[in-house]
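Student: Provided below are the primary sequence and the corresponding predicted coordinates.
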Amino acid sequence: MPAKKKSTTRRPPKKAAKAPRSRSAAPKSAAPSLADALAEAAWAEADQALAEALIECDALLGAQSKKQRDAAVSLLAQALSRAARKRGLSRVGELGLAEKYDPQRHELAVAVAKMPRKVRIAARGVARGADILLRPRAAPVAPKARKSGR
Amino acid sequence: MSDWTLCIDFGTAFSKAAIVPTGAWSRFDPVRVRPLRLGAHDGRGNAFLLDSAVFIDADRVLFGRSAIARADALGGKRVALKSFKTLLSVSDLDRALNTNAPLSVDPHRIFQMRDLIVLYLAYLLAAIEKARSLDTAIAGRIARRYAAPAWRGGDSAGLHGTVVRLFGEAEQLRARIGEALLSDAGLDINAVTRELPPAMERAQPLDMGLIYEATAAAAYTSIGLDDNASHLLVVDMGAGTTDIAALARIGNRMFELPEARATLKQAGDFIDRVIANRAIDAAKWAKSTEQKADLWAYLMRGMRETKESLFAEGHASVRYRDKMFTMSARDIEKDKDFQAFAKELKEAYEHCVGVVRDDAAARGRTAVEAVAVGGGASAPFIQALIASKNTRGSRPHVVPRPATPKWAHAPEFRGNLAPVFPQLAIAIGGALAPDGMLATKGTFSPVAAVRNGNRATRD
């Protein structure tokens, strides 16, 4: 081990410039470019999965048998799911689940005269972080008829 | 006093780096976290990941993606040197460094392992310098650290000294060769053999701190939280080993509980083999050794994606020529070797939970947190382990933390950090951690084992 010596880090000396106004040296305005770079990186990985999805889409359209069709559907779904994960997309809602209707969180699958109290998820939605890109489609649940004779 | 803190993470497959303004720990703002685009010069794939690979061609030395692409193009006849991290954590590092590179890696028989690691580190330092220059927000003095698993064997100080010496040699080489290191065509072997010896001779150890990976995980998990517990269990399933470590924070001091440390030799690579073996067993048409070897190589090339689908969806399909394989998580769970690993992991985890709970209870704490990190963090059996109810039966409770912390979803990132966070996590956590959490503050300061009396060994 060599004897103790000064740092070998070769960086230009800190300029005697204005002291930063914020609490740290980094300007906040730099954040968007980082977000864009992160998005680009995520897209680079998603592109590969989307390319695979396109190939499986062709395989599905040209399928001659149920076996070929099933294989293509399975691989197409897998490639699309992977592309979605790389872009931070996640599914919202659980198929078939009945829950309290919230117009902010559900897209009604049918036209109704009166807002339903409960709905059942017919198709899942998609979110990206806290942003819901597509709300789950939901069908109204008919209220249970009250039993008479009591 | 530096303006920024940089942390380098040697992943087995990729290297990553992140930089934060000094003092980010005490004045945390997610927007200040800046992962570096180490692969930006390459233009292929994810710009934040730098492939850990060196390839010795007929008359060139190639790095990163170019190295892997060239090895692939040769159809497996020659291999690129990868997994530097595994080499850097062996107990007899000096001996490992002084061995000749295998013939499959270096057909010319001119390089030792040390030479190849220095070459790769020079490439990495050049990529860091390039990435730093691309980010106009980063200016001023930079303090450097690297993240590593807790060393095996007892000589942490010696190993750290060797690593910073290697970095010093690499920095000298980078200064001599410059951006040519980042060229897609790599370096001329004659130029390498001319420049490497004087660079190594004149080098001084680089001034760098060392942070253990578990500590880096604790840093990014607990930063910005008002309600985080004093004790954290980290389950880190990487490629080569699955490590469990426990950290306790008392005031500003963070220390490891050495009795709650465990390393299992099965991890991501082991899971890969289990998956490939199951697929080959199911491929009744593959009878000859050649057919099986070809199928094995094909499965391994796409294993990252296969494993990702298997972990996320519970099943995965692979198309191989006119055949298709579908496997489920249950298929893997039926494997005898996997069952033995899962049992051993559960026992080790429960032992560690017991140790941490005892320590937390003795200090009057009511909760312990658990987080999974590394490539296997999303594996259902790892998530089930840290969320298992049998660890919540008595006080202090074990509370599972998400692999991606809430702050990574900050609106400023517009949803773009969270998908890549697991890969960048250790570099980010290592940069955020205050000096008090480091195993070693600089090249010449004593390692944790010396400083605070904790064993800095593993196994």
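Tutor: Noted; the coordinates are in hand. Numbers count the residues shown, from 1 in each chain, chains lettered A, B, ... in the order given.
Student: when you work out contacts or count neighbours from here on, use the C-alpha atoms and nothing else.
Tutor: OK.
Student: contact partners for A:Arg101?
Tutor: If you look again at residue A:101, you'll see it is Tyr, not Arg. Residues near A:Tyr101 by CA atoms under 8 Å, 6 or more residues apart in numbering or on different chains: A:Pro116, A:Arg117, A:Lys118, A:Val119.
Student: try 6 Å
Tutor: A:Tyr101 makes contacts with A:Arg117, A:Lys118, A:Val119, as judged by CA atoms under 6 Å, 6 or more residues apart in numbering or on different chains.
Student: same question for B:Thr263.
Tutor: By CA under 6 Å, 6+ apart, the neighbours of B:Thr263 are B:Thr242, B:Asp243.
Student: next, it: secondary structure please.
Tutor: Three-state call for B:Thr263 (DSSP: H, G, I helix; E, B strand; the rest coil): strand.
Student: can you give me the strands for chain A?
Tutor: A:89-92, A:98-100, A:107-108, A:118-123, A:125-128, A:131-134, A:137-140 (DSSP state E).
Student: the shortest one pairs with which strands?
Tutor: Put plainly, it is strand A:107-108. strand A:137-140 (parallel) (DSSP bridges).
Student: quick one: mean pLDDT for the strand it pairs with?
Tutor: Strand A:137-140 shows a mean pLDDT of 94.
Student: equivalent analysis for stretch A:72-83, please.
Tutor: 96.
Student: what about that stretch, distance to the chain center?
Tutor: In terms of CA atoms, centre = their mean, to the nearest Å, the centre of stretch A:72-83 is found 15 Å from the chain centre.
Student: contacting residues around it?
Tutor: By CA under 6 Å, 6+ apart, stretch A:72-83 touches A:Ala46, A:Ala49, A:Ala53, A:Glu56, A:Ala59, A:Leu60.
Student: counting neighbours, which of the residues you listed end up buried?
Tutor: A:Ala46, A:Ala49, A:Ala53, A:Glu56, A:Ala59, A:Leu60 (16 or more other CA atoms under 10 Å in any protein chain shown).
Student: need the residues you listed in CSV with pLDDT and distance to B:Val274, can you?
Tutor: Formatted as CSV, the buried ones among the contacts of stretch A:72-83 follow (pLDDT from 0 to 100; distance: CA to CA, whole Å):
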residue, pLDDT, distance to B:Val274
A:Ala46, 92, 27
A:Ala49, 94, 24
A:Ala53, 97, 27
A:Glu56, 96, 27
A:Ala59, 95, 29
A:Leu60, 97, 30
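Student: tell me which residues touch the residue in the stretch 1-150 of chain B that chain A sits nearest to, please.
Tutor: With CA to the nearest CA as the measure, B:Asn46 is the residue of the stretch 1-150 of chain B nearest to chain A, at 4.4 Å. B:Asn46 is in contact with A:Ala41, A:Ala44, counting by CA under 6 Å, 6+ apart.
Student: roughly how far out does the longest helix belonging to chain B sit from the chain middle?
Tutor: Longest helix in chain B by number of residues (criterion: DSSP state H): helix B:336-362. Computed by CA atoms, centre = their mean, the chain-centroid distance of helix B:336-362 equals 22 Å.
Student: would you mark the buried spots in it?
Tutor: B:338, B:341-342, B:345-346, B:348-353, B:355-357, B:359-360.
Student: quick check, nearest of those to chain A?
Tutor: Once CA to the nearest CA is applied, the member of the buried residues of helix B:336-362 that ends up nearest chain A is B:Phe338, at 24.4 Å.
Student: tell me where chain A has helices.
Tutor: Under DSSP H, chain A gives helices at A:31-61, A:66-86.
Student: cool, the stretch 301-450 of chain B as well?
Tutor: B:303-313, B:329-334, B:336-362, B:380-387, B:421-432, B:448-452 (DSSP state H, counting those that start in this stretch).
Student: which among those helices is found nearest to B:Trp25?
Tutor: helix B:421-432 (5.6 Å; CA to CA).
Student: what's the closest one in contact with?
Tutor: Contacts for helix B:421-432 (CA under 6 Å, 6+ apart): B:5-9, B:17-19, B:25, B:216-217, B:219-220.
Student: separation between B:Leu93 and B:Asp106?
Tutor: 20 Å (CA to CA, to the nearest Å).
Student: these two - which one has more neighbours?
Tutor: B:Asp106 (23 against 16; other CA atoms under 10 Å in any protein chain shown).
Student: doesn't that one belong to a helix?
Tutor: No: counting by three-state DSSP, B:Asp106 falls outside a helix, being coil.
Student: ok, it - contacts?
Tutor: B:Asp106 touches B:Ile56, counting by CA under 6 Å, 6+ apart.
Student: and the most centrally placed residue in chain A, what pLDDT?
Tutor: Central residue of chain A (CA atoms, centre = their mean): A:Leu89, 1.1 Å from the mean position. Listed pLDDT for A:Leu89 reads 92.
Student: coming back round to it: just the buried ones from the contacts of A:Tyr101?
Tutor: A:Lys118, A:Val119.
Student: enumerate the residues of chain B near chain A.
Tutor: B:Gly45, B:Asn46, B:Ala47, B:Ala137, B:Gly140, B:Leu206, B:Asp207, B:Phe413, B:Gly415, B:Asn416, B:Pro419 (CA under 6 Å from any CA of the partner chain).
Student: what's the burial count for the residue of the stretch 251-400 of chain B at minimum distance from chain A?
Tutor: Of all residues in the stretch 251-400 of chain B, B:Ser317 sits closest to chain A, at 6.3 Å by CA to the nearest CA. The local packing of B:Ser317 (other CA under 10 Å) involves 21 other residues.
Student: who does it bridge with?
Tutor: Under the criterion used (DSSP bridges), B:Ser317 bridges to B:Thr326.
Student: that older thread, and the strands of chain A, which is most packed in?
Tutor: With neighbours defined as mean count of other CA atoms under 10 Å in any protein chain shown, these peak in mean count at strand A:137-140, which reaches a mean of 23.
Student: residues contacting it, please?
Tutor: So strand A:137-140 is contacted by A:His106, A:Glu107, A:Leu108, A:Ala109, A:Pro116, A:Val119, A:Arg120, A:Ile121, A:Ala122, A:Ala123 (CA under 6 Å, 6+ apart).
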